[in-house]
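Colleague: Pasting the sequence and the predicted model now:
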Amino acid sequence: MARSARAIVIGGGIGGLAAAAALHRRGWTVTVLERARSLDPAGAAISLAPNALRALDLLGIGEEVRDLAAWQGDGGLRTPGGHWLSRSSAEAAATRFGGPLVLLPRAVLVDRLAALLPPGAVRTTAAATLADPGDGRRPARVSTGGDELEAELVAAADGINSRVRTALFPRHPGPVYAGFTTWRVLIPVPGTEFASHETWGRGRIWGTHPLKDGLVYAYAAAMTPAGERARDDEKAELLRRFGDWHAPIPAVLAAARPEDVLRHDVHHIATPLPAHHSGRVALLGDAAHAMPPTLGQGGNQAIEDAIVLAHHGDDLAAYTAARLPRTTAVARRAVRVARLNMAANPAAVAVRNLTVAALSKAGPALFLRGFDGIAGWRPPYAAEETHAGKREREST
């Protein structure tokens, strides 16, 4: 691959920006096309496990992200009445996986990734259409705003409803409804101290996590028909569903304004794609393997995709070979976890809670076991010395 080779990234979310930054570092001339007016993300916060943080180390921002983020792990799983089913600690998580699990606002990560790109690399208000996926003899072509751009590589990070995926694989069934909807808030909650927790009820869950700078990230999920919305506002809906659950949930709900609450139905790609590429086009992130958020790995896997894509460059068959089996396995595990924590049958819930408590007494908390085989991933190359590697050498 010549150092002047061109890459077009469709989508300016976390996966797209990470891919653009990784390709730029490998010598590609990169253009990012984002259909929105700005890069401001719609999501509230993102959880990053050690696998994604190692990838960010290669981009040169891993340590900065760790410093800006709050470590996760001090807390565990609870029942709606407040009983602890399982407890863990941030130190235990870091020891088990060789690094921390952290949480920070999505906007912070987007800003840091965008700053890695040269001026003019990102075009907003630039809806893109794949005109030609290209092949070994001709470049790919992308249309945007009346212009047609050519590139040796197109990285499609255009989300769960990816138009590029549909163009490449028109017979694929696409995303399906996972059976539940989610709510998210990112707000200050003054005077409230608590341990991070995820609380499992009957067909409902709630999570509350403190971030840095006094912010609190909370999320909820419930089994609902697809497309259903609150009859008044989503804060009122959360109060109806979770207002009588244990502290600090009532305090978080009291601090939230209706406009603070984001709601989205959860869809995922239940049938894996036959490949993550076609011609000169690679799919990454939700466009390739959208999964339920139950493991917090959607963004993490997109960041992994970005690093692996830049490593293989225009050898997209190697990219598919590296990513398709892993992302399929992670997505399937996320579906299994969703079936567990969204269980609604009273008998199944009772068995689930007893099993979680027993397993946690016998060994590592279920929260930690869920990341086994995932958080230990390491990038396929070391583009530069990471801060973690430097610390290891200095300690010997």
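Modeller: Received, thanks.

Colleague: May I see the buried residues of the longest helix belonging to the chain?
Modeller: Longest among the helix segments of the chain by residue count, using DSSP state H, is helix 316-341. Across helix 316-341, burial judged by 16 or more other Cβ atoms under 10 Å covers 316, 318-320, 322-324, 326-327, 330-331, 333-335, 337-338, 340-341. Any C-beta I mention is one placed from the backbone N, CA and C, and that applies to glycine too.

Colleague: just stretch 66-77 next, same as before
Modeller: 66, 68, 69, 70, 71, 72, 73, 74, 75, 76, 77.

Colleague: ok, and what's touching that stretch?
Modeller: Contact partners of stretch 66-77, identified using Cβ atoms under 8 Å, 6 or more residues apart in numbering, comprise 47-48, 53, 84-94, 100-104, 108, 195-200, 209-212, 356, 360, 365-368.

Colleague: Touching, residue 63 and residue 100? I think so.
Modeller: No - using Cβ atoms under 8 Å, residue 63 is not in contact with residue 100, being 11.6 Å away.

Colleague: Specify which residue of the two has the higher count of neighbours.
Modeller: More neighbours surround residue 100 than the other of residue 63 and residue 100, with 22 against 16 (other Cβ atoms under 10 Å).

Colleague: Pretty sure that one sits against residue 51.
Modeller: No - contact criterion Cβ under 8 Å: residue 100 and residue 51 do not qualify, at 11.9 Å.

Colleague: The most centrally placed residue in the chain and residue 36, how far apart?
Modeller: Nearest to the geometric centre of the chain sits residue 299, at 2.1 Å (Cα atoms, centre = their mean). Residue 299 is 17 Å from residue 36, where distance means Cβ to Cβ, to the nearest Å.

Colleague: Now tell me which helix or strand of this protein has the poorest mean pLDDT.
Modeller: Using mean pLDDT, DSSP states H and E, the weakest-scoring helix or strand in the chain turns out to be helix 387-394, at a mean of 41.

Colleague: low pLDDT regions in the stretch 251-396 of the chain?
Modeller: 382-396 (pLDDT under 70).

Colleague: Paired strands for the longest strand seen in the chain, with orientation please.
Modeller: Of all the segments assigned as strand in the chain under DSSP state E, the longest by residue count is strand 176-188. For strand 176-188, the pairing partners within the sheet under DSSP bridges are strand 215-223 (antiparallel), strand 262-268 (antiparallel).

Colleague: which residues of the protein fall in helices?
Modeller: So, for the chain - with DSSP H - the helices run 14-25, 50-58, 62-68, 90-97, 106-114, 163-168, 234-242, 249-255, 286-289, 298-312, 316-341, 346-362, 366-369, 387-394.

Colleague: Now do the fifth one: everything it contacts.
Modeller: Meaning helix 106-114. Contacts for helix 106-114 (Cβ under 8 Å, 6+ apart): 12-14, 17-18, 20-21, 39-41, 43-46, 48, 59, 61, 64-65, 68, 122, 299.

Colleague: so how many other residues sit close to residue 47?
Modeller: Neighbour tally, residue 47, other Cβ under 10 Å: 21.

Colleague: swap in residue 287?
Modeller: 31.

Colleague: show me what contacts it?
Modeller: Residue 287 neighbours (Cβ under 8 Å, 6+ apart): 11, 156, 157, 158, 159, 160, 162, 164, 165.

Colleague: List the contacts of the second one.
Modeller: In other words, residue 156. 10, 11, 130, 162, 164, 165, 281, 282, 283, 284, 287.

Colleague: Bridged to it, which residues?
Modeller: Here residue 156, judged by DSSP bridges, has bridge partners residue 10, residue 283.

Colleague: any idea how far it is from residue 197?
Modeller: 37 Å.

Colleague: What of the last one?
Modeller: Applying Cβ to Cβ, one obtains 36 Å for the distance of residue 165 from residue 197.

Colleague: Those two: which is more packed in?
Modeller: Legend: neighbour count by other Cβ under 10 Å for residue 165 and residue 197, higher for residue 165 (27 against 23).

Colleague: burial of residue 183, as a residue count?
Modeller: 23.

Colleague: wait, what's in contact with the closest residue to it other than its chain neighbours?
Modeller: Among residues not flanking residue 183 along the chain, residue 220 sits closest, at 4.6 Å (Cβ to Cβ, 6 or more residues apart in numbering). The neighbours of residue 220, taking Cβ under 8 Å, 6+ apart as the test, are 182, 183, 184, 204, 205, 206, 207, 238, 241, 242.

Colleague: Also residue 281?
Modeller: 130, 133, 134, 140, 153, 154, 155, 156, 164, 168, 316.

Colleague: Tell me the spacing between the residue lying closest to the fourth one once chain neighbours are set aside and residue 341.
Modeller: Spelled out, it's residue 140. Closest residue to residue 140 apart from its sequence neighbours, by Cβ to Cβ, 6+ apart: residue 134 at 3.5 Å. Computed as Cβ to Cβ, the residue 134 to residue 341 distance reads 43 Å.

Colleague: Over to residue 318?
Modeller: Residue 318 is 36 Å from residue 341, by Cβ to Cβ.

Colleague: just residue 209 next, same as before
Modeller: Residue 209 is 16 Å from residue 341, by Cβ to Cβ.

Colleague: Residue 16 touches residue 32, doesn't it?
Modeller: Yes - applying Cβ under 8 Å, one finds residue 16 in contact with residue 32, separated by 6.2 Å.

Colleague: centre of the chain versus stretch 203-218, how much separation?
Modeller: Distance, stretch centre to chain centre, for stretch 203-218: 16 Å (Cα atoms, centre = their mean, to the nearest Å).

Colleague: Tell me the buried residues in it?
Modeller: So, applying 16+ other Cβ under 10 Å, buried residues of stretch 203-218: 203-211, 215-218.
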